[in-house]
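model the following, please.
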Amino acid sequence: MSTPTPPLPDHEREEWRDFLLQELVTYLGEHKEEIIGRYQAQSSGRLTRDQIEAEGLLDFDISITLHRDRPSTFGLGKGFFKINLIR
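Numbers count the residues shown, from 1 in each chain. Just a heads-up that it's a prediction; the model follows:
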């Protein structure tokens, strides 16, 4: 039988979660034009770029909850993080 792996310390999981969150924010910022373009192409362009920006629709929250941090019952778990994206 193999020896069970000890659990990762909280700070190491949080460091990884913070890194992933920063990667997502960077990706979204670098690909904003493409994302809006795909939205307009796939949705018949109901909202214009100006409407999206004027209405603050580019400001939203992103969260990352690692599956291992989810309780088996209800809620987002103890590792819930949010970030506000600023254009």
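
quick one: the strands in this protein, in order.
Taking DSSP state E to define them, one finds strands in the chain at 61-63, 82-84.

buried residues in the first one?
Neighbour-count burial for strand 61-63 flags no residue at all (criterion: 16 or more other CB atoms under 10 Å). Glycine gets a C-beta too; all of them are placed from N, C-alpha and C.

if we can go back for a sec, quickly, which of the strands of the chain bottoms out on average pLDDT?
Lowest mean pLDDT of the strands of the chain: strand 82-84, a mean of 52.

and the residue nearest the centre of the chain, what are its bridge partners?
Here the mean C-alpha position of the chain is nearest to the C-alpha of residue 62 (CA atoms, centre = their mean), at a distance of 3.7 Å. In this entry, residue 62 is beta-bridged to residue 83, by DSSP bridges.

so it makes contact with residue 25?
Yes: taking CB atoms under 8 Å as the definition, residue 62 is a contact partner of residue 25 at 7.1 Å.

determine the longest helix present in the protein.
Using DSSP state H to define each element, the chain has its longest helix at helix 10-30.

check which helices and strands that helix sits against.
Applying 3 or more CB pairs under 8 Å, 6 or more residues apart in numbering; DSSP states H and E, we find helix 10-30 packed against strand 61-63.

roughly how far out does the strand it packs on sit from the chain middle?
5 Å (CA atoms, centre = their mean, to the nearest Å).

now do that strand: which elements does it pack against?
Contacting strand 61-63 under the criterion 3+ CB pairs under 8 Å, 6+ apart are the following elements: helix 10-30, strand 82-84.
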